[in-house]
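**Q** need coordinates for the following:
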Amino acid sequence: MKNKLLLLFCLVLSTSIIAQTAKTSSNLSPTKESLIKLAMKFRPDFYIGSYSGLSPSNPDNDQLSAIFKNNFNIMVIGIYMSGTQQMEEKYNFTSVDYQVDFAKANNIKIYFHPMIGGEVYCPEWINKGNFTKEELE
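**A** Here you go, the predicted structure:
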């Protein structure tokens, strides 16, 4: 029941925001409040988040960070092996560190997505590896 109420709340909230921003009449202006501020009016402990898309090499970082800071209070950071460990025993957490630093600087909670997953999340050296039982353990 709680999940249905939460889903209904999100649907109503998103519909309200879409409706607010779609108003074009001169006497009706869109809301200036962020998504998270609107949500917190109803439930202060509610988290709204997303994957940010932020990375040191992304040219849209300024726009993405502004949208993220204004509308979300939790960030999903993928730490997939395909991005962090493309070669065995060589790690690169540059993108992860960049996102963590951004989240900390903006008081945004962090949710890490797991390193190990299906074929898409694992690098070639894992997917095509010929490992013994002992190596896998």
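**Q** so where's this protein shaky on pLDDT?
**A** 1-31 (pLDDT under 70).
**Q** what ranges do the helices span in it?
**A** 2-22, 35-42, 61-71, 81-84, 94-105, 124-127, 133-136 (DSSP state H).
**Q** wait, what's in contact with the spatially closest residue to residue 79 that is not a sequence neighbour?
**A** Using C-beta to C-beta, 6 or more residues apart in numbering and skipping residues adjacent in sequence, the residue nearest residue 79 is residue 115, 5.0 Å away. No exception for glycine: its C-beta is placed from N, CA and C like everyone else's. Contact partners of residue 115, counting by C-beta atoms under 8 Å, 6 or more residues apart in numbering, are 79-81, 84-85, 121.
**Q** let's see that with 10 Å instead.
**A** 78-85, 121-122 (C-beta atoms under 10 Å, 6 or more residues apart in numbering).
**Q** residue 85 versus that one, what's the distance?
**A** Using C-beta to C-beta, to the nearest Å, residue 115 is found at 8 Å from residue 85.
**Q** then residue 52?
**A** Taking C-beta to C-beta, one finds residue 52 at 21 Å from residue 85.
**Q** over to residue 72?
**A** When residue 72 is compared with residue 85 (using C-beta to C-beta), they lie 28 Å apart.
**Q** tell me which of the two has more neighbours.
**A** For residue 72 and residue 85, the more surrounded residue by other C-beta atoms under 10 Å is residue 72, and the numbers stand at 22 against 19.
**Q** tally of neighbours for the nearest residue to that one once chain neighbours are set aside?
**A** Nearest non-adjacent residue to residue 72, counting by C-beta to C-beta, 6+ apart: residue 49, 5.0 Å away. By the measure other C-beta under 10 Å, the count of residues near residue 49 is 18.
**Q** lovely, talk soon.
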